[in-house]
Every structure is written in C-alpha cells, then in structure tokens.
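> Give me a model of this one.
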Amino acid sequence: METKQNLTIKIVRELLAHNFSVLLYNTEKLEDNCGGWCWIDDDENKREFAVAMKHHMGFEILIHEYCHFLQWKTDRKFWDSTLKTYDTLFDWIADPNLETSEDDLQQSLKDIISIEHDCEKRVFKMIKNNPIEDFDTDKYIRAVNAYIWSYHINKDLRKRPLNPIYSERVLPHMPNSFNENVLYYLDKNNLSSDIRDALLVEYQENSIGS
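Residues are numbered from 1 along each chain as shown. Modelled structure (predicted):
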C-alpha cells in the first residue's frame, strides 16, 4: 500500500522529468477559486502543475491533476481534441460582454465534462491498482459528483463558484456512486434539484470563507 507522502514525491519527480513547474501552495484555494490545475502550452513549451495543498482535499486534487497529466502523456489525441474548446465556456463566463453561440457553449461544456470524466476514471483505476493509505474513496466520489455537475451550473448562471465546489458542506449532499458512462453527466436532466440546491450554496456571496 502506498503512502500519500511517497506517492506525492513520485508524482513530483515524474512531473519534473517532463519539464513541469511544480507549485504546491500552502493555501486553501488558487486563483479563480479552484483547487489546482495542470496547465500545458506545447506551442510555447510551458508546463505548470499547481495544487492548493491546504485545501481539505489537497492530496485528492493532486491525484486528479496528475491524472490530467497522464491524459496528456498517454492520450494526446483525446487531450488535444477536448482542449480546443475547453476555454470557450470559461472565457464566456469571465467576460460578460463576450458573445458566444449556444452551439459553441454546448460543445465546450461537452468537452469539459468528457475530459474531466475520463480523468476521474483514471483516478479510480489508479487507486484500485495501487491502493493509497487513508484514501477516503467515498469522500472522493462525492467530490467528483460535485465537480462534474457544477459545470452545468457554471453555464446556467454564467458564473463560477466562489470556493472550490467540493466543499465540506456540499459533500454530504452528493451521491456516493460514480457513473462510468459520461452520457449520464452530459444529460442535465440527471442533475437532481437536491444536488443542484446543495451546489448553489457555493455560488452565493455569503459562502466566501465558509
């Protein structure tokens, strides 16, 4: 069984070997109120891996972002195809004056959910083949559901959550099962009102710092 510390060291070494800047911050969240990212610009040969390690799911975020790295490393065709439209939704949210067609927004949403869903499947495969000491699978599955479903709300509200969406007050209201079929998460009809209401708390101004 792998310890979190040893696995973190292995991941950092692998990222450094692939010329990534590895930034593990002693904070609860990063810019844009997210928990981490794996950012790659092959045109400019810039690669950055960042995680807010003080977040209550800092280690889990690290594993998630590492699996994004594995997508890039092992399935470049899929990575490139989804990343073409990944920023369309976020750019539209960030700029209230930006006009974007509904078709382009839907394609971006589809590609975002597809790459995130594939990433989560990689995480589950990883922890099954190489168990990690004190890894709370139930908690992680709830976080996955919060994370993936939140993208529908991002589009509906044209807004991003004010905190990383997998907060401690959101998780108890999330399902503890993961659907391996990405079509399930692409269909907004499967987003129940209870899940949506629980997620909406993190989009409200009074949620900051809670």
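> secondary structure element for residue 39?
When secondary structure is defined using DSSP states H and E, the element that contains residue 39 is strand 36-41.
> Neighbouring strands - and their directions - for that strand?
In the sheet containing strand 36-41, its partner strands are strand 46-52 (antiparallel), by DSSP bridges.
> So for the partner strand, what gets flagged as buried?
47, 49, 50, 51, 52 (16 or more other CB atoms under 10 Å). The C-beta positions use only the backbone N, C-alpha and C, and glycine is treated the same way.
> Excluding its own residues, what touches that strand? List them.
Where contact means CB atoms under 8 Å, 6 or more residues apart in numbering, the residues beyond strand 46-52 that reach it are 15, 18-25, 27-30, 34-41, 58, 61-62, 65-66, 69, 164.
> Report the buried members of those.
The neighbour-count test (16+ other CB under 10 Å) marks 15, 20, 22, 24, 29-30, 34-38, 40, 58, 61-62, 65-66, 69, 164 as buried among the contacts of strand 46-52.
> pLDDT weak spots in this structure?
Within the chain, the ranges that satisfy pLDDT under 70 run 44, 205-210.
> sec struct for the spatially most distant residue from the centre of it, please.
Relative to the centre of the chain, the most outlying C-alpha is that of residue 97, 26.1 Å out, by CA atoms, centre = their mean. Put simply, residue 97 is coil when judged by DSSP: H, G, I helix; E, B strand; the rest coil.
> so what does the longest helix seen in the chain touch, helix or strand wise?
Counting residues, the longest helix found in the chain (DSSP state H) is helix 102-129. For helix 102-129, the packing partners by 3 or more CB pairs under 8 Å, 6 or more residues apart in numbering; DSSP states H and E come out as helix 58-74, helix 76-94, helix 137-157, helix 182-186.
> With that, I have no additional questions.
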